[in-house]
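Q: return atomic coordinates for the entry below.
(2 chains)
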Number of protein chains: 2
Amino acid sequence: MPEVIPADSVGLVEPKAIRFDQSLPLNCGEQLDSFQLMIETYGELNPARSNAVLICHALSGHHHAAGYHSMEDRKPGWWDNCIGPGKPIDTKRFFVVALNNLGGCHGSTGPTSHNPRTGKAYGPDFPVVTVADWVSSQAMLADYLGIEQWAAVVGGSLGGMQTLQWSIAYPERLRHAIIIASAARLSAQNIAFNEVARQAIMSDDQFFGGRYLEENSIPRKGLGLARMVGHITYLSDDAMGSKFGRELKNEGFSYDYNVEFQIESYLRYQGESFSGSFDANTYLLMTRALDYFDPASEYENSLSNALSRSTAKFFLASFSTDWRFSPERSREIVDALMDAGKDVTYLEVDAPQGHDAFLIDIPRYMRGLAAYMNRVAQECL
Amino acid sequence: MPEVIPADSVGLVEPKAIRFDQSLPLNCGEQLDSFQLMIETYGELNPARSNAVLICHALSGHHHAAGYHSMEDRKPGWWDNCIGPGKPIDTKRFFVVALNNLGGCHGSTGPTSHNPRTGKAYGPDFPVVTVADWVSSQAMLADYLGIEQWAAVVGGSLGGMQTLQWSIAYPERLRHAIIIASAARLSAQNIAFNEVARQAIMSDDQFFGGRYLEENSIPRKGLGLARMVGHITYLSDDAMGSKFGRELKNEGFSYDYNVEFQIESYLRYQGESFSGSFDANTYLLMTRALDYFDPASEYENSLSNALSRSTAKFFLASFSTDWRFSPERSREIVDALMDAGKDVTYLEVDAPQGHDAFLIDIPRYMRGLAAYMNRVAQECL
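A: Alright, predicted model coming up:
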């Protein structure tokens, strides 16, 4: 809880639900007749409407990217270190828009929402959405907000995939694409981890084929397991080692299957707290969106062909110990962009934190992003 | 099924149960009043009893390391490519002993065995055993077989930990310690993966606190999940990529949570077939033995101090893409051995297969191991 709001915070913010009564056709062949997106905005749109920045979230993210909802909040938004007055994404200069993606569980239409066709929660009947679907819905949001062209679309991890998709699907609607700790598609190992997470959720006896809300239950254990697996892949081996090592929970061993090591305690806590606050069907859907994303597949597996129509300038960053989306995966995108003759800036940051680094205040990363955003801001004038 | 037994096979072999009616005190404070070990032997013990080689198995291994149980067997023992006439562990020269460890589920006393105190299967009442306990029981087996000193103790992964423990606990009872793709202790990340596996098993609604056999059930889904997680860590990202990539199961996507990618199909199959053939309580126990192993911890965290009394000569091998027990982990052992002034040979093999490489016919690995075993054999004459 902040006793006072820090000077470099966007302060108290209020989410806003935007209703769309237009139909949205989806990649899977289905369509949503209407939907809602939950958003937050920080800073002010300039008269030229040229300073808008879209923040795309990752697997478990949402619209609350910066600031506080109340003075009782224990923590600010998930990317508060990056967004605010004087911060790399400077709200004195930019009008920042963050949303909860379609299929999410933080207020945008998703599996926990009311399905007008059945009168119940969508649950497993919510269609599988893709990164391209998200970007289509974000373009409708841009229309709603009167933003013809984003100064920048920004995202880390799965958010970076949305940024990449923006540059391919709506090349004229963004000037800069900022892609952090991301990849142009999942590897077999990435898909494998997602599959373990989904199997953990779907094999929970409280999953009820996805209709757990109708049963007044949630697949708490399965979702907790999925989060535990996720967490392992977010941290580097070294980061886990220096944070927990082989430290014991108690003095000496109990020789049983209760918590013996601190790392076990940490993972169980992460799993339990997540499963109380996130929707299992949304988790399935988000991992599937990750799996499916592969823009090169429609261009004879050539990413540079896929990017050929892009007109944005690109900034990419990756982190040395990220083994979920390693620097090599970012370099693939950089190489494809160079092959396609695009303007690309690439920052590889030496950081011990693994994939999670993209959320962390790492001076070289923050300075690099701030310098690039400064360039973006100068073009907004 | 072999139509004819290959000439370089140990041929048809028969496991043998060895009963020990001596009590075995365990690290956890409990003791087993009596127990049984299931073993197989290949080759002949020489008159000097100097050519015996002990094979220690890894997480899901057992006593059936080489040869066939019948002409109907689809596959030979798990290390058949390494053990046999003319193979690196040459059964024309060595008397090879393979066993199923205590707590196992392939015939040695373990959670599925009859508990004389209750008249039922041990289940969760089977004590947690450690690598040191295994080595104690293996020493009793050596006594039973009349083997005062092993020519070599050999093991990969968790088996390598047993070899390391032999050299510390019974320095005079082995001449060579052969440690492949192993580590002197688990990292936090290693423990984290084990914890996910255990939580998957224990949160299965068919686990019944470990008393699933009494309920005529098995925690099939949980054990399958545990195996899926394990498999991901056994393969390198590259190996998975070249084996499966993003290959689809069917043409085009179904946009659901059934199998879309080949890697999903492979993992589900691995999980399902394993859960039908392995005991869940044994899996818990084996992962805990891995977690606990840390011989340096009793020597002020100095592995070289722990190894100071060892008199064996050491051979270690590791594989470039093994990220479960990376070459760095083997080098830690090599460094500690050199600090302690021991005789050590180290082979780092460039191999794309990840941790699984230790089970695979990789020419440089096989040649290196064969060359070293040739040296071991010459000392047996």
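
Q: only C-alpha atoms from now on, for both contacts and neighbour counts.
A: Will do.

Q: surely A:Gly159 is in contact with A:Cys56?
A: Yes - counting by C-alpha atoms under 8 Å, A:Gly159 touches A:Cys56, with 4.6 Å between them.

Q: which one's more surrounded, these two?
A: Between A:Gly159 and A:Cys56, counting by other C-alpha atoms under 10 Å in any protein chain shown, A:Cys56 is the more crowded of the two (29 against 25).

Q: anything in stretch A:132-149 near chain B?
A: No - between stretch A:132-149 and chain B, judged by C-alpha under 8 Å from any C-alpha of the partner chain, nothing touches; the nearest distance is 12.7 Å.

Q: how about the helices in chain A?
A: A:131-145, A:158-169, A:188-202, A:220-234, A:237-243, A:262-275, A:280-292, A:303-306, A:327-339, A:363-378 (DSSP state H).

Q: most packed of those?
A: Counting by mean count of other C-alpha atoms under 10 Å in any protein chain shown, helix A:158-169 has the highest mean neighbour count of the helices of chain A, with a mean of 27.

Q: quick one: residues in contact with that one.
A: Identification of contacts with helix A:158-169 by C-alpha atoms under 8 Å, 6 or more residues apart in numbering or on different chains yields A:55-59, A:131-132, A:134-135, A:153-155, A:173-174, A:177-184, A:290, A:293, A:295, A:306-307, A:309-312.

Q: A:Gly104 against A:Thr282, yeah?
A: Yes - counting by C-alpha under 8 Å, A:Thr282 is a contact partner of A:Gly104 at 5.6 Å.

Q: mutual contacts of these two, please.
A: A:Gly110, A:Pro111.

Q: tally of neighbours for A:Ser302?
A: By other C-alpha under 10 Å, neighbour count at A:Ser302 equals 14.

Q: which residue is the nearest non-sequential neighbour of A:Asp356?
A: A:Tyr234 (5.3 Å; C-alpha to C-alpha, 6 or more residues apart in numbering or on different chains).

Q: now for the one you found: which residues touch it?
A: A:Tyr234 neighbours (C-alpha under 8 Å, 6+ apart): A:Asp322, A:Arg324, A:Gly354, A:His355, A:Asp356.

Q: now rank those residues by neighbours and give me the top one.
A: A:His355 (29 neighbours).

Q: on that earlier part again, for chain B, see how far away the residue nearest to A:Asp356 is.
A: Using C-alpha to the nearest C-alpha, to the nearest Å, A:Tyr234 is found at 11 Å from chain B.

Q: for chain A, what lies in contact range of chain B?
A: So chain A meets chain B at A:28, A:128, A:186-189, A:191-193, A:195-196, A:198-200, A:203-205, A:221-222, A:225, A:228-229, A:232, A:237, A:240-241, A:244-246, A:254-257, A:263-264, A:267, A:284, A:288 (C-alpha under 8 Å from any C-alpha).

Q: OK, contacts around the residue nearest the centre of chain A?
A: The centroid of chain A falls nearest to A:Ala58 when counting by C-alpha atoms, centre = their mean (1.2 Å). By C-alpha under 8 Å, 6+ apart, the contact set of A:Ala58 is A:Gly155, A:Gly156, A:Ser157, A:Leu158, A:Gly159.

Q: ditto for A:Met202
A: A:Met202 neighbours (C-alpha under 8 Å, 6+ apart): A:Gly209, A:Gly210, A:Gly222.

Q: show the pLDDT at it.
A: pLDDT, A:Met202: 98.

Q: can you check A:Gly123 too?
A: 97.

Q: need the contact list for it.
A: Shown in contact with A:Gly123 (C-alpha under 8 Å, 6+ apart): A:Pro111, A:Thr112, A:Ser113, A:Gly210, A:Arg211, A:Tyr212, A:Leu213, A:Asn281.

Q: let me know the pLDDT of A:Leu102.
A: So, for A:Leu102, pLDDT stands at 98.

Q: now do A:Ala183
A: Looking at A:Ala183, the pLDDT reads 98.

Q: just A:Leu284 next, same as before
A: 98.

Q: equivalent analysis for A:Met1, please.
A: On the pLDDT scale, A:Met1 gets 59.

Q: swap in the one 5 residues further on?
A: pLDDT, A:Pro6: 93.

Q: now do it against A:Met373, distance only.
A: 22 Å (C-alpha to C-alpha, to the nearest Å).

Q: try A:Leu145
A: With distances taken as C-alpha to C-alpha, A:Leu145 is found 22 Å from A:Met373.

Q: B:Gly67 is nearest to which of the helices of chain A?
A: Each of these has some distance to B:Gly67 by C-alpha to C-alpha; the shortest is helix A:188-202, at 33.0 Å.

Q: determine how far that closest one lies from the middle of the whole chain.
A: Centroid separation for helix A:188-202 versus its chain: 18 Å, with C-alpha atoms, centre = their mean, to the nearest Å.

Q: one step back: from the contacts of A:Met202, pick the one nearest chain B.
A: A:Gly222 (8.0 Å; C-alpha to the nearest C-alpha).

Q: in contact with the closest residue to that closest one other than its chain neighbours, which residues?
A: Distances taken as C-alpha to C-alpha, 6+ apart put A:Ile201 closest to A:Gly222, at 4.0 Å, once the chain neighbours are dropped. For A:Ile201, the contact set (C-alpha under 8 Å, 6+ apart) comprises A:Phe207, A:Pro219, A:Lys221, A:Gly222, A:Leu223, A:Leu225, A:Ala226, A:Ala280.

Q: separation between the residue nearest to the first one when sequence neighbours are not counted and chain B?
A: Think A:Phe207. Of all residues not flanking A:Phe207 in the chain, A:Pro219 sits nearest, at 4.9 Å (C-alpha to C-alpha, 6+ apart). Using C-alpha to the nearest C-alpha, one gets 11 Å for the distance from A:Pro219 to chain B.

Q: where does A:Pro219 land on pLDDT?
A: At A:Pro219, pLDDT is 98.

Q: quick one: contacts for it?
A: So A:Pro219 contacts A:Ile201, A:Asp204, A:Asp205, A:Gln206, A:Phe207, A:Tyr212, A:Ser275, A:Ala280 (C-alpha under 8 Å, 6+ apart).

Q: hmm, the last one is touching A:Gly224, no?
A: No - under the criterion of C-alpha under 8 Å, A:Ala280 makes no contact with A:Gly224, lying 9.6 Å away.

Q: report pLDDT for the residue lying closest to A:Ile39 once chain neighbours are set aside.
A: Closest residue in space to A:Ile39, ignoring its immediate chain neighbours: A:Leu99 at 4.2 Å, by C-alpha to C-alpha, 6+ apart. With respect to pLDDT, A:Leu99 scores 98.

Q: and A:Leu99, how many neighbours?
A: By other C-alpha under 10 Å, neighbour count at A:Leu99 equals 28.

Q: is it true that it touches A:Tyr42?
A: No - using C-alpha under 8 Å, A:Leu99 is not in contact with A:Tyr42, being 11.7 Å away.

Q: can you tell me how far A:Asn305 is from A:Pro295?
A: 10 Å.

Q: so what's A:Glu298 up against?
A: A:Ala306.

Q: CA atoms only for stretch A:112-125 - export them in CSV, please.
A: Extracted in CSV, the C-alpha atoms of stretch A:112-125 (Å, rounded to 0.1, in the frame of the first residue of the first chain):
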residue,chain,number,x,y,z
THR,A,112,-16.1,-16.2,-17.3
SER,A,113,-18.4,-13.8,-19.1
HIS,A,114,-22.1,-14.2,-19.7
ASN,A,115,-22.8,-16.0,-23.0
PRO,A,116,-25.9,-14.4,-24.4
ARG,A,117,-26.7,-17.6,-26.4
THR,A,118,-27.0,-19.8,-23.3
GLY,A,119,-27.5,-17.4,-20.4
LYS,A,120,-24.6,-19.0,-18.5
ALA,A,121,-20.9,-18.3,-18.4
TYR,A,122,-19.2,-19.1,-21.7
GLY,A,123,-16.7,-21.5,-20.0
PRO,A,124,-15.3,-24.0,-22.6
ASP,A,125,-17.7,-22.6,-25.2
